[in-house]
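Visitor: what shape does this take:
(one chain, ligands or ions: 1)
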Amino acid sequence: MKEVTYEKKGIYLNFVSDLRKQIAAVRERNDLLNLLATSMLRLNEFTSVSIHSVDHHTNTYFPFFFNQKTSGRNLSEFKALSNARAPLDDIIVRDAILADKSFVVSLNDIVKSESIPFWLQVNYDYGLREVLVTPLKIKNGMVGICYFWSKKAGSFGDRFINVIDHLSTELAYAVSNTIIHEMLDPRGWINELLLTFSHDLSEVRTRDGLNRVIERDLRNFFHFDEFLITAIVPENSNECIFLTSLTSHPDLLDWIRSNLARESVWGKAKDTSNPVIINIEDFEFNCVPPCLDPADADKGGEIMLKILSEGNEPNFGLILLSYRQNVFDPADRQIIQCISRHLSTAISNILVNENLERKEKHNALLLSFSHDIAAVRNKDDLTMAIEKAVSQLSNISRFVIRGINEDEKTMSLFLFDHHVKRAIEELGHHFVLDAVYPIADGISDAVLAGNETIVYKLQDWIDSGNAPSYFHFWRSMNVEKCVATPLQTGTRKLGIFWVDSDEPDVKMINSMCAQISIAMSNIIANEQLVKYKQQLEIENEHLQEQIRSIYNFSDIIGTSTPMQRVYQLMSLVTHSNATVLILGETGTGKELIARGIHESSPRKNKLMVKVNCAALPVTLIESELFGYERGAFTGAFERRIGKFELAHNGTLFLDEIGELPLEVQVKLLRVIQEREFERLGGKVTIKVNVRIIAATNRNLFAEVAAGRFRSDLYYRLNVFPILMPPLRERREDIPYLAHFFLKRYNRNHLCKVTGISAGAMNELKAYNWPGNVRELEHMIERSVLLSNSKTLTKICLSDVNEQNYIGQTNEVTNLAGVEKQHITDVLRRCGGKISGKGGAAELLKLPASTLNSKMRKLGITKNSI
Ligand SMILES: Nc1ncnc2c1ncn2[C@@H]1O[C@H](COP(=O)(O)OP(=O)(O)OP(=O)(O)O)[C@@H](O)[C@H]1O
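Guide: All right, here's what the predicted structure looks like:
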């Protein structure tokens, strides 16, 4: 730093004398400071200037003024310095009392000393290294000390020190005059400050703004260390902290919060409109407040309390706190009384403003939420929309929605946010995904009975012993408070929206829930639609099948004795629920009989669902029978019900039961025994009322013996066996069946073939019918198609084989006929090829020429093959 030299002595003298006059005219603290700071800088560079005044009554000194602008400090440092009061016996003041002129102190030299005052240490920490100390004395009595601070050692030149010494008496008088002026005109001084304070307060709109005004203006009136403003929460009449300087004392804040709840601080002032000053030791604290321990002499202190009211109701409380005793006096109380109305108006303005802002924020949030909700199609969309909204609300962390199940007695998880999902995965609590909770648990029923949000403190319920199991579970996940809101559309209750929140914004949650309910009801309706659609598709499949086969069971043809026996058995079993096992060769009419039993049973208005156990791949049989849950296996995107569920209250026809794999046989056995099962990947047991009819063309007994069929299942199925006779054992039915099929084919295909010739009928009766009635049906169909006349004279047998004929007709085939038939068969097998490799001659081990001549002789032409 360089000293500014004044070359001309005249100018220098003028400067000092001007300054002296100006100092003598000063009556205000701020004017004195500004004058010094601006004018002295013209002589010498320095960092800041401050003046302490001396209080001989308490033997302390304190900042008379301290210019924050020139010091460049931040607010909290400035606050600490301006509040500092120190005894008159520290290392610098001792020297100043003895000295009669200014002296320079290097802070480096004294900083380690024990008697260094607190504020000096702060200045050192701030970077100041040198101070010019000027005692301000009037007639040897010290009224104060002036300090010029510099960050660099050796910065104060002799000329500067000279000037300040010349001015020291004027400065001492100025300090004294200012104090006298303030004493003579206290109202003027206070009024001016009050004016500034109320003006500043009127412009306050935020808590930060109020904090600034209190820190800046209120401290001008009197000393206090900390302040606290509390507000009454209208909903519960509890007190909460509205604003405080104590943010850096979390322990003390916690203590105050808990004491506010017990009204121990607030209670001291609530019965009077006057400010109350209380010594900290007079408090009957239940516990000792941190930082205010009366046992700690330095920290024992004083509190000034004032209830602030808007209108007649007390709404706010002002608490000023000093870490020292006997700080607040009656004058301070008067000031607080004066400013309290302005303060409560300012706080009310802030609250109104905050309310408006909150409303605007909520409206914007709800608007964007309703946009998101409008696009919701499924649970994932809804989860995302809620997560997005909740992320903008600081008071909600986790949520779940429980939906009411179809039974209307239980609830299950409908959706949950990703925190819950992660917690479930980390804790391995996957059981909650499928858990079913009774509604009547004292909590869910209470929530669903009303329309409003209810807040639950989990621990209270757990302690009372009435908590449902999920409260324990949530508590184990560190949830303290839960908020439950019923979800409903109109009067239809859908479920409960649970959120984990310490400070729930109940209004907001309610508004959100109105929209969540609509989305949830749409999702449920959508899921139902998908389910019904699936069910309809499956039912449609079965109905189509029933329509296709309707003509099959409308008439069961046959009056033969074996068929009479079948009818007798059918009539015995139709009205019971007994399991029926229909045995018989292929095409004997097992399915027809099964349908006949179902159609004449009390279940006839429900479905008969057919499962062809042989037609399904082994891997699919189980899912086909029992259905599956979403995600049960790759590709299981949606829940699908199985045939057992589909056949509920109807009949399940298990065709080709002999083909069922052993592992599925076990499960089938359980359903037959207990009429209950679980879907694949599901944990819920489903009960069904299904009548089972099984059929097979295998010899099940032999299958059991060969170990391919479980004996226990066999005996379960074989409760009521019906054995279908093969057609060859009831040939008397063949003419009836043939005419039946002829008529039906004519009707369906608008053909005009009305009769069967005696010859053709004989042919039919003579045939062995390995494919039974089905084969007869197909044969009639083919013959009608190939017939040119109104009467069927020729039957187009599919497998014209000697073995399939029995000698029941009167006609005896001669040898030539047999030879002709045999050659025709072989020619058919060879595709009409006579000679060469693979030809009929080679197979018959005849020369081609011999075969040709035989064919001519027997009248076999290419057309007859
Ligand atoms: N008594 C009958 N009266 C009329 N039609 C019959 C009779 N028996 C069988 N049919 C017909 O024969 C065809 C085969 O019958 P069905 O499918 O019931 O036999 P199935 O024994 O179940 O055969 P598979 O063992 O091959 O499944 C069907 O078109 C059926 O309508």
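Visitor: from here on, contacts and neighbour counts on C-alpha atoms
Guide: Noted.
Visitor: what stretches of the stretch 301-450 of the chain score poorly on pLDDT?
Guide: 310-314 (pLDDT under 70).
Visitor: what pLDDT, on average, does stretch 835-853 get?
Guide: The pLDDT scores in stretch 835-853 average 85.
Visitor: tell me which residues of it come out buried.
Guide: 835, 839-841, 848, 851-852 (16 or more other Cα atoms under 10 Å).
Visitor: in helices, which of these appear?
Guide: Those of these mapping onto helices are 840-841, 848, 851-852, per DSSP state H.
Visitor: residues contacting stretch 734-744, please?
Guide: For stretch 734-744, the external contacting residues (Cα atoms under 8 Å, 6 or more residues apart in numbering) are 557-558, 727, 753-756, 761, 764-765, 773, 776-777, 780-781, 784.
Visitor: brain fart, stretch 216-226
Guide: Contacts for stretch 216-226 (Cα under 8 Å, 6+ apart): 83, 190, 193, 196-197, 244-246, 320-323, 327-328, 332, 335.
Visitor: need the CA coordinates for stretch 117-124. CSV is fine.
Guide: C-alpha atoms of stretch 117-124 as CSV (Å, rounded to 0.1, in the frame of the first residue of the first chain):
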residue,chain,number,x,y,z
PRO,A,117,-11.0,-10.9,22.0
PHE,A,118,-13.3,-13.0,19.8
TRP,A,119,-13.9,-10.3,17.2
LEU,A,120,-10.2,-9.9,16.7
GLN,A,121,-9.8,-13.6,15.9
VAL,A,122,-12.6,-13.3,13.4
ASN,A,123,-10.9,-10.4,11.7
TYR,A,124,-7.6,-12.3,11.6
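Visitor: how distant is that stretch from the center of its chain?
Guide: Counting by Cα atoms, centre = their mean, to the nearest Å, stretch 117-124 is centred 54 Å from the centre of its parent chain.
Visitor: quick one: the strands in the stretch 1-150 of the chain?
Guide: 48-55, 60-66, 86-87, 103-106, 130-138, 141-150 (DSSP state E, counting those that start in this stretch).
Visitor: out of the contacts of stretch 734-744, who's near the ligand?
Guide: By Cα under 6 Å from any ligand atom, the members of the contacts of stretch 734-744 lying near the ligand are 557-558, 773.
Visitor: can stretch 596-613 be said to contact the ligand?
Guide: No: judged by Cα under 6 Å from any ligand atom, stretch 596-613 stays clear of the ligand, getting no closer than 8.6 Å.
Visitor: buried residues, that stretch. List them.
Guide: Judged by neighbour count using 16+ other Cα under 10 Å, the buried positions of stretch 596-613 are 596-599, 601, 603-604, 607-613.
Visitor: could you dump the residues you listed to TSV with secondary structure, pLDDT and distance to residue 125?
Guide: Converted to TSV, the buried residues of stretch 596-613 look like this (DSSP: H, G, I helix; E, B strand; the rest coil; pLDDT from 0 to 100; distance: Cα to Cα, whole Å):
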residue	secondary structure	pLDDT	distance to residue 125
596	helix	91	104
597	helix	93	102
598	helix	92	99
599	helix	88	101
601	coil	92	101
603	coil	92	96
604	coil	88	98
607	coil	89	92
608	strand	92	93
609	strand	93	91
610	strand	92	92
611	strand	91	90
612	strand	90	92
613	coil	88	91
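Visitor: now, which of those residues sits nearest the ligand?
Guide: Proximity of those to the ligand, judged by Cα to the nearest ligand atom, is greatest for residue 612, which lies at 8.6 Å.
Visitor: list the residues that contact the closest one.
Guide: Applying Cα under 8 Å, 6+ apart, one finds that residue 612 lies in contact with 654-657.
Visitor: one more time with 6 Å, if that's ok
Guide: residue 655 (Cα atoms under 6 Å, 6 or more residues apart in numbering).
Visitor: that one bridge partners, please.
Guide: residue 655 (DSSP bridges).
Visitor: next, give me the two most distant ones among the ones in helices among the buried residues of stretch 835-853.
Guide: 840 and 852 (10.3 Å; Cα to Cα).
Visitor: so what's the residue count around residue 648?
Guide: Other residues within reach of residue 648, judged by other Cα atoms under 10 Å, total 18.
Visitor: quick one: it from the ligand, how far?
Guide: 23 Å (Cα to the nearest ligand atom, to the nearest Å).
Visitor: how close does residue 817 get to the ligand?
Guide: On the measure of Cα to the nearest ligand atom, residue 817 and the ligand end up 32 Å apart.
Visitor: next, that residue: secondary structure please.
Guide: helix (DSSP: H, G, I helix; E, B strand; the rest coil).
Visitor: check the gap between it and residue 823 for me.
Guide: 10 Å (Cα to Cα, to the nearest Å).
Visitor: picking up where we left off before, show me the contacts of stretch 734-744 that map onto helices.
Guide: Counting by DSSP H, those contribute 761, 764-765, 773, 776-777, 780-781, 784 to helices.
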